[in-house]
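1. Sequence first, then the predicted structure:
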Amino acid sequence: MANDFTFSITTTRFDEDYTPSDSSRATTNFANLARGEDRQQNLRNALTMIDRRFNDLADGDNPEGDRYTLEIEIVSVDLRFAADGDGLEFPLLEMLDLQILDRRTGERHRGIVGNNFSSYVRDYDFSVRLPALNATTSGFTVPDDFGDLHGRLFQHFLDSDAYRERFELPPVICISVSTSRTYRRTGNHHPVLGIEYEQDAFSLTDEYFGKMGLQVRYFMPRGSVAPLAFYFRGDLLADYSGLQLLATVSTMESFQKIYRPELYNANSAAPSVYRPTLEQQDFSRTQIGYDRDERSRLAVTQGTFTEEHFIKPHQDVLDRWVADSLAPVA
């Protein structure tokens with residue numbers, strides 16, 4: 001049955017002329033930057049932030065701080081499968097793919113795919129399914145199968161010919177720490193990723209990404225003020241080069257300064273015991289427009305779209321596929 005699920009990949013250049021396509025997820029953070037009267041200035045400023053941060057971190061033999069620039073592509077993945085005798089295509093997820101251009105030599109280095117991550121099914125799980133369940137229960141409840149479908153679809157994609165033919169290494173997804181957890185500094189210091197932190201318990205996001213086959217580590221790079229969460233398959237520290245890791249850090253830290261300035265553009269660095277909160281006021285805003293309220297509203301809209309056009313019409317097929325994929329091999 002797994003062979004009935006296939007994937008197609010398209011890419012779009014993310015630059016100052018980027019305009020979200022009609023099929024692109026409206027809640028994608030980078031799509032949010034590309035709307036409104038100041039869209040081009042938003043994009044130009046964000047890309048400048050990314051390049052400056054990368055050159056700040058990649059400072060070896062880079063005295064002018066302008067040796068490198070990052071080229072970014074949006075990777076859009078569609079799911080195709082047979083449903084009730086008809087072929088169905090549904091937009092599954094979007095990530096970013098990075099390349100590092102050495103302006104001095106003209107050489108291009110492959111970055112890491114992943115970085116930012118967005119998914120229609122994830123919108124459904126977090127913005128439709130969970131709220132609906134908890135509206136009728138006392139206390140906060142998470143069903144045992146929460147994230148099973150999304151996790152199996154993601155892992156099936158990583159194991160697909162479509163992914164393997166285009167990308168050599170597994171993805172690394174880099175996002176904000178959870179405001180529901182406490183993070184403690186460890187004695188580990190990585191030469192590229194910086195100071196490692198550990199969480200007091202898995203967050204709901206950690207568990208959700210765990211069902212996607214990804215484990216998590218937290219690092220605060222040099223010059224950063226808060227740790228970032230890195231979700232990965234394999235060995236984060238051994239599978240990727242220093243330049244690759246720095247490209248992910250500079251891209252996603254820059255985005256987080258825009259999305260969550262309370263944490264990543266704070267005026268003081270995270271202490272050894274860090275309890276992130278969006279309530280603190282000691283931070284600086286970037287000059288880049290970003291509407292968090294709009295993103296939350298659109299997440300509900302797109303989650304509802306997923307429920308109506310993907311989950312409900314094909315619930316039996318999807319449930320059987322998840323059950324078969326999770327069943328132990330005899």
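-> Here it is on my side, so go on. Worth saying up front: this structure is predicted, and the values here are computed from it rather than measured. Numbers count the residues shown, from 1 in each chain.

2. Show me the strands in the stretch 201-330 of the chain, by range?
-> With DSSP state E, counting those that start in this stretch, the ranges of strands along the stretch 201-330 of the chain come out as 215-220, 228-232, 273-274.

3. Please work out which helix or strand belonging to the chain has the smallest mean pLDDT.
-> Lowest mean confidence among the helices and strands of the chain (mean pLDDT, DSSP states H and E): helix 29-33, at a mean of 66.

4. thinking again about what came up before, which of the strands of the stretch 201-330 of the chain is buried the deepest?
-> strand 228-232 (a mean of 23; mean count of other C-beta atoms under 10 Å). Every residue, glycine included, has its C-beta placed from N, CA and C.

5. Who are the packing partners of that one?
-> Packed against strand 228-232 by the contact rule (3 or more C-beta pairs under 8 Å, 6 or more residues apart in numbering; DSSP states H and E) you find strand 172-176, helix 204-211, strand 215-220, helix 242-259.

6. And for the closest residue to Arg13 other than its chain neighbours, the neighbour number?
-> Spatial nearest neighbour of Arg13, chain neighbours left out: Glu73 (5.8 Å); criterion: C-beta to C-beta, 6 or more residues apart in numbering. Neighbour count for Glu73, taken as other C-beta atoms under 10 Å: 18.

7. show me what contacts Leu237?
-> 190, 193 (C-beta atoms under 8 Å, 6 or more residues apart in numbering).

8. Quick check on it: phi, psi?
-> phi -90, psi -20 (degrees, to the nearest 10).

9. And it, how far from Asp125?
-> 30 Å (C-beta to C-beta, to the nearest Å).

10. in the stretch 51-200 of the chain, which spans are strands?
-> Using DSSP E, counting those that start in this stretch, strands in the stretch 51-200 of the chain cover 68-83, 86-102, 108-119, 172-176, 183-190, 194-199.

11. okay if I get those as CSV plus mean pLDDT?
-> CSV is the format used below for the strands of the stretch 51-200 of the chain (pLDDT from 0 to 100):
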stretch, mean pLDDT
strand 68-83, 91
strand 86-102, 91
strand 108-119, 96
strand 172-176, 97
strand 183-190, 97
strand 194-199, 98
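
12. can you list the weak-confidence ranges in the protein?
-> 1-3, 21-32, 34-36, 83-87, 289-295, 327-330 (pLDDT under 70).

13. can you put the strands of the stretch 51-200 of the chain in TSV and add distance to Ser160?
-> As requested, the strands of the stretch 51-200 of the chain are arranged in TSV below (distance: least, C-beta to C-beta, whole Å):
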stretch	distance to Ser160
strand 68-83	9
strand 86-102	11
strand 108-119	14
strand 172-176	18
strand 183-190	31
strand 194-199	31
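
14. wait, which of these is closest to His156?
-> Smallest distance to His156 across the strands of the stretch 51-200 of the chain (C-beta to C-beta): 9.0 Å, for strand 68-83.

15. Which strands or helices does the closest one pack on?
-> Using 3+ C-beta pairs under 8 Å, 6+ apart: strand 68-83 touches strand 5-14, helix 39-57, strand 86-102, strand 108-119, helix 148-158, helix 242-259.

16. so can I have CSV of the strands of the stretch 201-330 of the chain showing distance to Thr48?
-> Output for the strands of the stretch 201-330 of the chain, formatted as CSV (distance: least, C-beta to C-beta, whole Å):
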stretch, distance to Thr48
strand 215-220, 23
strand 228-232, 20
strand 273-274, 28
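
17. Of all the ones you listed, which one is nearest Gln199?
-> Of all the strands of the stretch 201-330 of the chain, strand 215-220 comes closest under C-beta to C-beta, at 6.6 Å.

18. So which residues make contact with that closest one?
-> Contacts for strand 215-220 (C-beta under 8 Å, 6+ apart): 177, 183, 190, 193-199, 206, 209-210, 226-233, 236, 269-270.

19. Any of those residues buried? List them.
-> Taking 16 or more other C-beta atoms under 10 Å as the criterion, what is buried in those is 177, 183, 193-197, 199, 206, 209, 226-233, 236, 270.

20. Isn't His189 up against Tyr197?
-> No. Assessed by C-beta atoms under 8 Å, His189 is found out of contact with Tyr197, at 11.3 Å.

21. Any buried residues in stretch 147-167, and which?
-> 147-158, 160, 162-163, 167.

22. no no, stretch 276-284
-> Buried, per 16+ other C-beta under 10 Å, within stretch 276-284: 276, 283.
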